[in-house]
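1. Sequence first, then the predicted structure, then my questions.
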Amino acid sequence: FPSHDIQPGDSVQVNQLLTTIKNIRLNESFVRELQVERNSLSERIAGFDSHITEMESLLKELSERHQTAVKFERDRVAQQLREAESQLAATREVLAEKVALERRLAPLAAERLIKLTDYDTARFAVTEYQNRVAALQATVDRIRTEQQALEQDVHLGQGRNDVPYTQQRIDEVRMVISDYRARRIEQERRVAEIDRQIQEEEHRLKLNRTADLRSPLNGILWKKFFTDGSEITIGNEVAQVVDCSQLFIDAEFNERNLDKLPLGLEVRYRLIGSTEWHDGALVSKSGSGNNLQDRTLAANLQVERDSAKLVIKINPEDLGRSAGDFCHIGRKVEINMPRFWNRPVWITRITSLFE
């Protein structure tokens, strides 16, 4: 109950801060649990970032190796194709010479001008080079097929498995990076949700950590039920503020004569110690059985058990407002009521005078 330099009897304005109540027994364990979970998720996200960086570095290295291997394979196959095509062209030229020689020797062999063995040698040479041309053509076709396959990133033949393996590793690394990024996004969403929960919980704790007690009206701080710095419990009163705009007088009256006072009866009153008389009106009356303490009133009249109670409405402006006397709360007054003529009583008294 920290002090705000406002003491009982001081005037207060509506919404003026009277005191601030601090709650030192708040349970903040849930916020700490959320913070621990958030820190753990943040470390996990940092781990994902580290793994993604490593995987991207490996992916870059594998991509460079893949590109180098693919370029080397294409260059090698292109070189083989050029060599094979050159051998094929040279062999075809030799074959053309052998064919021309065989054609020239054929008539001579028919006329027995040359040995048949020489003609057979020429004919066998043509057959040999025809077979060489066919073999080289097959080699050229095979190399061209490999070249076309390389253009479509298809690698054929033995000793060329490094490129497909590298490509497979690249695909695996990309899948791992994609999985890490998806899990990282999931953790980031959870962190954002935890941040929202922490913000809401801290806002709730802030609302419960302190409570500003403000005056509900213009009046006077009448009572403080706790000293500054003391501990209070839920449900207990902290302070009372008096509304000085509504003043009235509690009066004690003999219950036997209560029926003689009609509501609305105009009376005269003056504060004890004052010579000024003011007008008031009777607005309520009750018997002795209703002399109970009213906690909503700043002061209660102490009446006898068999006395009735009257409530007289007055105009606060007649008395003026003074913070020094607590709006005249608890002041004693003198009341002057009009006498009522009771005809049977007066006839009895007059008759007795003549007896």
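-> Perfect, I can see it now.
2. Can you tell me which residue sits nearest the middle of the chain?
-> R196 (1.8 Å; Cα atoms, centre = their mean).
3. That residue belongs to a helix?
-> Yes. Assessed by DSSP: H, G, I helix; E, B strand; the rest coil, R196 belongs to a helix.
4. Of all the strand elements in the protein, which one is longest?
-> Among the segments of the chain that qualify as a strand by DSSP state E, the longest is strand 278-286.
5. how far does the next helix or strand after that one sit from the chain's center?
-> Scanning forward in sequence from strand 278-286 by DSSP states H and E, the next helix or strand is strand 307-313. When C-alpha coordinates are averaged (Cα atoms, centre = their mean, to the nearest Å), strand 307-313 and its chain have centres 60 Å apart.
6. what comes up buried for the next helix or strand after strand 307-313?
-> Downstream of strand 307-313, the first helix or strand assigned by DSSP H and E is helix 316-319. Using 16 or more other Cβ atoms under 10 Å as the test for burial, helix 316-319 gives L319. Placement of C-beta: from N, CA and C, glycine included.
7. What residues does the residue lying closest to S63 once chain neighbours are set aside make contact with?
-> Computed as Cβ to Cβ, 6 or more residues apart in numbering, the closest residue to S63 that is not its neighbour in sequence is I170, at 6.3 Å. By Cβ atoms under 8 Å, 6 or more residues apart in numbering, I170 lies in contact with 59, 62-63, 66.
8. okay, among those residues, which ones form the most distant pair?
-> Pairwise distances across these (Cβ to Cβ) peak at 10.1 Å, for the pair L59 and H66.
9. What pLDDT does the model give I185?
-> In this model, I185 is scored at 93, pLDDT.
10. I misspoke; the intended subject was R349.
-> pLDDT, R349: 50.
11. same deal with M55?
-> Predicted confidence (pLDDT) for M55: 90.
12. Confirm it sits in a helix?
-> Yes. Assessed by three-state DSSP, M55 belongs to a helix.
13. so how far is I170 from it?
-> 11 Å (Cβ to Cβ, to the nearest Å).
14. Next: G264.
-> G264 sits 102 Å away from I170, going by Cβ to Cβ.
15. is it fair to say G264 lies in a strand?
-> No. Looking at G264 with three-state DSSP, it is coil, so not inside a strand.
16. Correct me if wrong: it contacts S284.
-> No. Using Cβ atoms under 8 Å as the test, G264 is too far from S284 to be in contact (10.8 Å).
17. Those two: who's more crowded?
-> Just comparing G264 and S284: by other Cβ atoms under 10 Å the higher neighbour count belongs to S284, 12 against 9.
18. out of everything not next to it in sequence, what's closest to F48?
-> Leaving aside its sequence neighbours, F48 sits nearest to R184 (Cβ to Cβ, 6+ apart; 4.1 Å).
19. tell me which element that neighbour falls in.
-> Here R184 is assigned to helix 162-209, by DSSP H and E.
20. need the next SSE after that helix, C-terminal direction.
-> Downstream of helix 162-209 (by DSSP H and E), the next one is strand 210-214.
21. Of all the residues in the next helix or strand after that next one, which ones are buried?
-> The helix or strand immediately downstream of strand 210-214 is strand 219-224, counting by DSSP H and E. Neighbour counts over strand 219-224 (16+ other Cβ under 10 Å) mark 219-222, 224 as buried.
22. and the nearest residue to V333 once chain neighbours are set aside, which of the three is it?
-> In this structure, V333 finds its nearest non-sequential neighbour in Y269, 4.8 Å apart by Cβ to Cβ, 6+ apart. Going by three-state DSSP, the secondary structure assigned to Y269 is strand.
23. if I look at Y269, how far off is E37?
-> Counting by Cβ to Cβ, the gap from Y269 to E37 is 71 Å.
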